[in-house]
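# here's a sequence, model it:
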Amino acid sequence: MRAIGHTAARRLLTVLETVEGYAATLAYAGVAALLIGDVIAREVFASPILGSQSLAVLAAIVAGFLGLSLATSSGSHLRPEFLDRALPPRFDPFVSRASDLIAAVFYVAIAVFALRFVDQSRVAGDRAAVLYFQLWPIQLVIPYAFISSALRHMTYALYPDLKHARKGDI
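All right, here's what the predicted structure looks like:
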């Protein structure tokens with residue numbers, strides 16, 4: 001039964017990483033296209049593209065938050081390392097699982113606040129500058145990124161072998 005859970009967890013992590021990677025790439029490509037298009041429109045036609053800078057900022061926010069979960073996936077996110085050698089090496093597996101569990105709880109807590117933020121934005125009717133569409137659907141990337149990171153850390157706590165090597169460990 002554990003092998004089935006392990007396989008399903010590995011598949012889930014692979015799908016998440018693939019989908020988030022494509023979405024972040026598309027968002028960054030959108031940022032580049034919008035900003036380059038705006039510069040060309042200003043220089044060639046002496047007129048900016050209405051809302052392109054606002055859309056580029058929103059696309060960069062989406063890409064950045066997806067980058068958080070992708071960094072968690074690859075083990076390249078920032079993390080405190082001052083306690084890494086506080087315990088003897090024989091405790092490393094326990095410390096690794098405990099730190100992933102703590103990180104998962106932390107990300108869930110942050111996701112709760114992010115969901116509250118998005119809900120308040122929805123209720124208040126916050127809209128994008130210039131183009132005036134509602135912001136809350138785009139803001140959903142914020143709690144999503146935290147939930148995705150929490151799910152990854154929970155999976156790593158359950159199945160440590162699925163955790164990618166940290167950059168400094170290679």
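# what's the spacing between the residue lying closest to residue 158 once chain neighbours are set aside and residue 65?
Closest residue in space to residue 158, ignoring its immediate chain neighbours: residue 9 at 7.0 Å, by CB to CB, 6 or more residues apart in numbering. Heads up, the C-betas are built off the backbone N, CA and C, glycines and all. Counting by CB to CB, to the nearest Å, the separation of residue 9 from residue 65 is 23 Å.
# looking at these two, which is more packed in?
Neighbour count, other CB atoms under 10 Å: between residue 9 and residue 65, residue 65 has more, with 24 against 18.
# Provide a list of residues in contact with that one.
141-142, 144-145 (CB atoms under 8 Å, 6 or more residues apart in numbering).
# how about CSV for those, with secondary structure and neighbour count added?
Putting the contacts of residue 65 into CSV (DSSP: H, G, I helix; E, B strand; the rest coil; neighbours: other CB atoms under 10 Å) gives the following:
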residue, secondary structure, neighbour count
141, helix, 24
142, helix, 22
144, helix, 20
145, helix, 25
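# what's the most distant pair in these?
Greatest spatial distance in the contacts of residue 65: 142 and 144, 7.1 Å, computed using CB to CB.
# now residue 130. Nearest residue, chain neighbours left out?
Using CB to CB, 6+ apart, the closest residue to residue 130 is residue 51 (4.4 Å).
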